[in-house]
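Novice: sequence-free structure coming up:
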Ligand code: AP5
Ligand code: MG
């Protein structure tokens, strides 16, 4: 499978659909959010900085994030394709990803954009808070994450459009339908 960049607001389902895609196509999955939460759990220096920023709903600096991403990417088995979940989140990260892949003679593949209305996103994240207790899943931090998404990440959609790899999927009330639409598209790429 080609590389896939899964893109969308907090709670849009990046992690959920990534898991389903991995199960169907057997790909590698990099979630930069999971990577950072792991650093926090292990009490590393990166983890200490990440905790401070994640708790405020802010982004980790580009330079550090790009370094972490490249390290993670180079440790994965080659040839399966990778789902990038939560990366890139800024134009600088997108440019860096494109360059990093080009240096390795790999391609960005396709970008899957998930569009979900904000009320649904908030409901999902508050529900998840009760189940998983993620530190950034409280109403105040969620609002900050939405704001950061709109200001810093959403403009990237146009960047992907220019690259000619943007594919948008809009939530219409059914997870099964959403997955069927995504799979129907990905099946055409195999
Ligand atoms: P990250 O962990 O990536 O969080 P996020 O972008 O806020 O997104 P979420 O993981 O909350 O949501 P999701 O889209 O994965 O949805 P999910 O499938 O879980 O990043 C966290 C933080 O790390 C950032 O704020 C930042 O500080 C830092 N960071 C990460 N990457 C960075 C980067 N590149 N640069 C700088 N900083 C970075 O679904 C949500 C919930 O909804 C689940 O419980 C799910 O079960 C439920 N759900 C209910 N119905 C559905 C449905 N129909 N479809 C999908 N899910 C559903
Ligand atoms: Mg996630």
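Specialist: Thanks, I have the structure now. All values reported here derive from a predicted model rather than from experimental measurement. Ligands and ions are numbered 1, 2, ... in the order given.

Novice: ok, the residue positioned nearest the centre of the chain - contacts?
Specialist: The chain has residue 86 as the residue nearest its centroid, 2.0 Å off, counting by Cα atoms, centre = their mean. Counting by Cβ atoms under 8 Å, 6 or more residues apart in numbering, residue 86 touches 14, 31, 32, 33. Where C-beta positions appear, they are placed from N, C-alpha and C, glycine not excepted.

Novice: could you redo the last one with a cut-off of 10 Å?
Specialist: Applying Cβ atoms under 10 Å, 6 or more residues apart in numbering to residue 86 gives the contacts 5-8, 10, 14-15, 18, 30-36, 65, 69, 153.

Novice: Check whether the closest residue to ligand 2 within the chain sits in a helix, strand or coil.
Specialist: Closest to ligand 2 within the chain is residue 15: 3.3 Å, counting by Cβ to the ion. Using DSSP: H, G, I helix; E, B strand; the rest coil, the structure places residue 15 in helix.

Novice: neighbours of it, just the number please.
Specialist: 15 (other Cβ atoms under 10 Å).

Novice: what does residue 190 give?
Specialist: 7.

Novice: Cross-check the contact I'm expecting between it and residue 25.
Specialist: Yes - contact criterion Cβ atoms under 10 Å: residue 190 and residue 25 qualify, at 7.7 Å.
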